[in-house]
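Asks: Next come a sequence and a model predicted from it.
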Amino acid sequence: MAESITLARPYANAAFEVALADKALAPWSQMLASLAAVCADPKVSALLKNPALTAEKQSQALLEICGDAVSDKGQNLVKLLAENRRLVLLPQISSIFDVLKAAQEKSIDVDVATAYQLSDEVVEHLTQALQKRLDRQVRLNTRVDQKLIGGAVIRAGDTVIDNSVRGKLNKLAESLSS
């Protein structure tokens with residue numbers, strides 16, 4: 001997995017630079033997400049991994065499937081990826097691009113799992129607190145996880161704040177066993 005991310009990063013960075021120069025971060029993000037979704041289909045994935053097909057035929061097939069969702073510059077990216085036998089990296093490229101886009105826009109997606117449904121007032125207060133702490137615009141996604149017993153688990157990128165009862169019980173059990 002780390003190898004594919006390493007291979008995808010230069011392409012994502014290049015796509016990001018082009019999108020930034022064109023002031024088209026959102027359209028590029030949507031286009032890459034569409035390409036990634038198409039590549040995730042098992043039949044398309046098998047087609048892209050088929051060494052018997054030329055790079056031109058692979059890129060042509062992918063572009064035909066995506067239709068008008070891919071811009072001229074996006075088509076150039078697809079053709080370059082096909083020439084280098086890297087079309088299977090499109091999901092990783094899309095993911096890295098979205099991380100770069102979020103950093104540029106100073107925004108972050110935050111997932112909050114709680115034992116019970118949060119009120120709108122608590123969601124608003126939590127959003128404001130996280131924006132202040134993370135110094136970014138926060139897009140909060142909440143879900144109920146009844147396994148938590150109580151409290152919450154907050155995931156923001158690589159940061160995890162586990163303030164759940166289950167998490168505290170696990171820590172206590174771990175400290176007692178050592």
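Replies: Perfect, I can see it now.

Asks: hey, let's count contacts and neighbours off CA atoms from now on
Replies: Noted.

Asks: Now do stretch 6-24: distance to the chain's middle.
Replies: 15 Å (C-alpha atoms, centre = their mean, to the nearest Å).

Asks: neighbouring contacts of that stretch?
Replies: L25, W28, L77, L89, L90, Q92, I93, S94, I96, F97, L100, K101 (C-alpha atoms under 8 Å, 6 or more residues apart in numbering).

Asks: now swap in stretch 60-77 and tell me
Replies: Counting by C-alpha under 8 Å, 6+ apart, A15, W28, M31, S34, L35, V38, V44, V78 sit against stretch 60-77.

Asks: okay, how far is it across it, tip to tip?
Replies: Using C-alpha to C-alpha, to the nearest Å, the end-to-end distance of stretch 60-77 comes to 12 Å.

Asks: same question for that stretch, mean pLDDT?
Replies: For stretch 60-77, the mean pLDDT works out to 90.

Asks: now it, how far from the chain's geometric center?
Replies: That offset, for stretch 60-77, works out to 21 Å (C-alpha atoms, centre = their mean).

Asks: longest helix in this protein, by residue count?
Replies: helix 2-21 (DSSP state H).

Asks: about what we covered before: and the contacts of stretch 6-24, which is closest to Q137?
Replies: Within the contacts of stretch 6-24, the smallest distance to Q137 is 12.5 Å, found for K101 (C-alpha to C-alpha).

Asks: What residues of the host helix or strand of that closest one count as buried?
Replies: Element membership of K101, judged by DSSP states H and E, is helix 90-104. Across helix 90-104, burial judged by 16 or more other C-alpha atoms under 10 Å covers 90-102.
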